[in-house]
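1. here is the input, now give the coordinates:
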Amino acid sequence: MSRVGKKPIILPEGVTASLNNDVLVVKGKLGELKLNIHPIVSVSVKDKEITVTPKGESKFARSMWGTTRALINNMVIGVSNGFTKRLTLVGVGYRARMEGNKLVLNVGYSHPVEFVPPEGIKFNVEEQVKITVSGCDKALVGQVASNIRSTRKPEPYKGKGIRYENEVIVLKEGKKSK
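-> Okay, the predicted model is just below:
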């Protein structure tokens, strides 16, 4: 039995959900998200409450039960509160700035690196070294933050690079002379 899947999802004030042909649409103040429901689970929307139930007793049905419930819960939280990821640039001369809606990074390459935000994602730059990625889709916010981080991952000797706000980099010891 899925412990996560058993819990019903309570819709907060200002959030609506509708189910049409195995497509769940959740609307809120920050946007609208859609999810294709897998045929092995069933979803019902009643009185500001969403419940997910499996259609079988197979292991796959039970795993999709909890997964679908978690995805729907993330959609509800996303359209009501939103999600954010914070990145920090560490290194001499490493800077970020906004040009219109584009994010421009100077991270040690001979050229600046530009990122255009996909639909539903917003960038914010504070103090030239702190970047905030925000949006209502949790998976998309995480993927965009990961793409930004992958331009210059933190290196293990000095820790220079782009890292998540609370990420801990374990530094290696350098070469020693005899």
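2. residue 121 reaches residue 135, doesn't it?
-> Yes. Judged on Cβ atoms under 8 Å, residue 121 makes contact with residue 135 at a distance of 4.4 Å. Backbone N, C-alpha and C define where each C-beta goes, glycine included.
3. comparing the two, which shows the higher neighbour count?
-> residue 135 (24 against 20; other Cβ atoms under 10 Å).
4. next one: that one from residue 177, what distance?
-> Going from residue 135 to residue 177 by Cβ to Cβ, to the nearest Å gives 50 Å.
5. biggest strand in this protein by residues?
-> Across the chain, the strand with the greatest residue count (assigned by DSSP state E) is strand 83-90.
6. tell me the helix or strand right after the helix or strand bottoming out on mean pLDDT in the chain.
-> Each helix and strand of the chain was given a mean pLDDT (mean pLDDT, DSSP states H and E); the minimum falls on helix 3-6 at a mean of 85. Per DSSP states H and E, the first helix or strand lying C-terminal to helix 3-6 is strand 9-10.
7. that following strand pairs with which strands, parallel or anti?
-> strand 49-54 (antiparallel) (DSSP bridges).
8. the lengthiest helix in the chain packs against which elements?
-> In the chain, with assignment by DSSP state H, the single longest helix is helix 59-80. If contacts are counted by 3 or more Cβ pairs under 8 Å, 6 or more residues apart in numbering; DSSP states H and E, helix 59-80 sits against helix 3-6, strand 9-10, strand 23-28, strand 31-36, strand 41-46, strand 49-54, helix 138-149.
9. which neighbouring elements make contact with the fifth one?
-> What it means is strand 41-46. So strand 41-46, by 3+ Cβ pairs under 8 Å, 6+ apart, packs with strand 16-20, strand 49-54, helix 59-80.
10. what's stretch 157-165 in contact with?
-> 85-92, 94, 105, 107-108, 130-131, 145, 148-149, 151-155, 169, 171-172, 174 (Cβ atoms under 8 Å, 6 or more residues apart in numbering).
11. hmm, 6 Å instead?
-> The set of residues external to stretch 157-165 that reach it, using Cβ atoms under 6 Å, 6 or more residues apart in numbering, is 86-91, 149, 152-155, 169, 171-172.
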